[in-house]
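> quick check, what structure comes out for this input:
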Amino acid sequence: MDEKSYEYLKKKILKLTNINLDDYKSQQMMRRLGMFLTQTKYENIVSYASALERDEEMLQKLRNFLTINVSEFFRDDSPFEYLQNSILPKLLKNRPSLNIWSAGCSRGQECYSVAMILSGISPDHNHRILATDIDADSLKRAVNGGPYSSGDLKNVKQSFLKRYFTASGQEFRVIDRIRKRVKVQELNLLNDKFERDFDLIICRNVTIYFTEETKRVLNERFLQSLNAGGILFIGGTEVMLDATSIGFKQIGTSFYQKPESSPAVFKKNPVNNVLVKS
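Numbering: from 1, shown residues only. As a prediction, the model looks like this:
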């Protein structure tokens with residue numbers, strides 16, 4: 001795919017899906033889209049773009065491809081063990097009822113993983129878990145608590161599998177008690193307004209194709225949405241090199257904390273020109 005074709009397709013995708021590919025690394029996205037288009041029957045970009053306007057199923061396949069809906073329960077053992085044994089207990093000391101956001105939740109595997117952990121270590125409190133994604137089809141699966149395949153559950157402990165899932169053949173669903181603890185809604189991380197006052201934000205393996213500028217803006221917005229002392233949990237292959245300049249402190253692999261209290265900001269009182277704390 002050449003630059004001209006890519007620019008044309010970017011405009012069509014923005015119009016049809018509200019996904020702005022300017023926020024993604026251009027060379028990587030060009031390669032990925034080029035490979036994706038070789039699997040279609042269309043000879044050129046124009047005919048493919050025209051078909052997208054008529055065929056909702058084809059458009060959904062493209063949307064699924066762009067939003068990279070790959071996840072599983074307890075993805076990566078080590079960070080989830082650290083979350084369970086260190087991060088959540090520390091947060092619970094200050095706030096017995098936590099406000100948590102799973103950003104880019106895909107089909108719900110990670111938000112339900114956290115709900116299961118909290119059910120075990122803090123069963124008597126009513127924690128709020130918000131799960132959001134841009135992909136409406138994935139969110140339908142999240143709302144229904146499945147069905148999930150055995151591959152989705154490969155990291156789930158047997159005790160959790162028996163306690164928190166029901167099985168029908170080779171398909172599994174999260175039990176209603178856990179499913180009802182998660183609020184699912186559609187949200188575009190790059191366009192929509194964020195809620196505030198979260199104790200934990202989980203955004204894992206979502207930003208790997210974003211430009212560095214877009215990542216920084218997103219991480220700055222996450223910082224603003226966290227309570228003082230709140231934690232951002234990112235993917236194992238992601239590193240926030242500019243964490244300190246944004247305002248985060250790294251407290252472990254994949255975990256970044258907003259300071260307990262921000263430094264006082266002083267500015268001049270316009271009336272008497274005296275420095276006052278704001």
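
> count of residues packed around the closest residue to Thr40 other than its chain neighbours?
Leaving aside its sequence neighbours, Thr40 sits nearest to Tyr48 (C-beta to C-beta, 6 or more residues apart in numbering; 6.1 Å). (Each C-beta comes from the backbone N, C-alpha and C, glycine too.) For Tyr48, the count of nearby residues is 18 (other C-beta atoms under 10 Å).

> which residues in the stretch 101-250 of the chain form helices?
109-121, 136-144, 158-164, 176-179, 212-225, 243-246 (DSSP state H, counting those that start in this stretch).

> returning to that earlier point: same for the helix or strand harbouring the residue nearest to Thr40, what does it pack against?
Per DSSP states H and E: Tyr48 is located in helix 45-54. The contact analysis (3 or more C-beta pairs under 8 Å, 6 or more residues apart in numbering; DSSP states H and E) places helix 45-54 against helix 3-17, helix 56-67.

> how about a cut-off of 10 Å?
Judged by 3 or more C-beta pairs under 10 Å, 6 or more residues apart in numbering; DSSP states H and E, helix 45-54 is in contact with helix 3-17, helix 26-37, helix 56-67.

> what's the distance between Gln39 and Arg54?
19 Å (C-beta to C-beta, to the nearest Å).

> also Leu139?
Counting by C-beta to C-beta, the gap from Leu139 to Arg54 is 24 Å.

> what do you get for Tyr148?
Distance from Tyr148 to Arg54, by C-beta to C-beta: 33 Å.

> the two - which one has more neighbours?
Under the criterion of other C-beta under 10 Å, the comparison of Tyr148 against Arg54 puts Tyr148 first, with 22 against 8.

> got the contact list for the more buried one?
72-73, 107-109, 112, 141, 156, 165, 170-174 (C-beta atoms under 10 Å, 6 or more residues apart in numbering).

> what is the end-to-end distance of stretch 28-44?
Stretch 28-44 stretches 20 Å from its first residue to its last (C-alpha to C-alpha, to the nearest Å).

> flag the shaky bits of the stretch 51-200 of the chain, pLDDT-wise.
68-70 (pLDDT under 70).

> repeat the analysis, applying 80 as the threshold.
The model of the stretch 51-200 of the chain has pLDDT under 80 over residues 64, 67-71.

> what helix or strand does Pro89 sit in?
Here Pro89 sits within helix 88-94, counting by DSSP H and E.

> that helix packs against which elements?
By 3+ C-beta pairs under 10 Å, 6+ apart, helix 88-94 packs against strand 99-103, helix 109-121, strand 198-203, strand 226-234.

> just the residues contacting that helix, thanks.
Contacts for helix 88-94 (C-beta under 10 Å, 6+ apart): 82-83, 98-100, 114, 117-118, 121-122, 125, 127, 199-200, 227-231, 251, 257, 260.

> which members of those are classed as buried?
82-83, 98-100, 114, 117-118, 122, 127, 199-200, 227, 230-231, 257 (16 or more other C-beta atoms under 10 Å).

> contacting residues around Glu56?
Here Glu56 is in contact with Leu16 (C-beta under 10 Å, 6+ apart).

> distance check, it against Leu62.
Per C-beta to C-beta, Glu56 is found 11 Å from Leu62.

> then Phe194?
26 Å.

> tell me which of the two has more neighbours.
Leu62 (22 against 16).

> ok, that one touching Gln39?
No: if you go by C-beta atoms under 10 Å, Leu62 and Gln39 don't touch, sitting 11.2 Å apart.

> same list (the helices and strands packed on helix 45-54) but as CSV, adding distance to Thr237.
Listed next are the helices and strands packed on helix 45-54 as CSV, based on distance: least, C-beta to C-beta, whole Å:
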stretch, distance to Thr237
helix 3-17, 25
helix 26-37, 14
helix 56-67, 17
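
> confidence score at the closest residue to Arg216 other than its chain neighbours?
Nearest non-adjacent residue to Arg216, counting by C-beta to C-beta, 6+ apart: Asp242, 6.1 Å away. Asp242 carries a pLDDT value of 91.

> with Asn273 instead?
pLDDT, read off for Asn273, is 44.

> hmm, back to that, surely the residue nearest to Arg216 meets Leu218?
No: using C-beta under 10 Å as the test, Asp242 is too far from Leu218 to be in contact (11.9 Å).

> which one's more surrounded, the two?
Leu218 (19 against 14).
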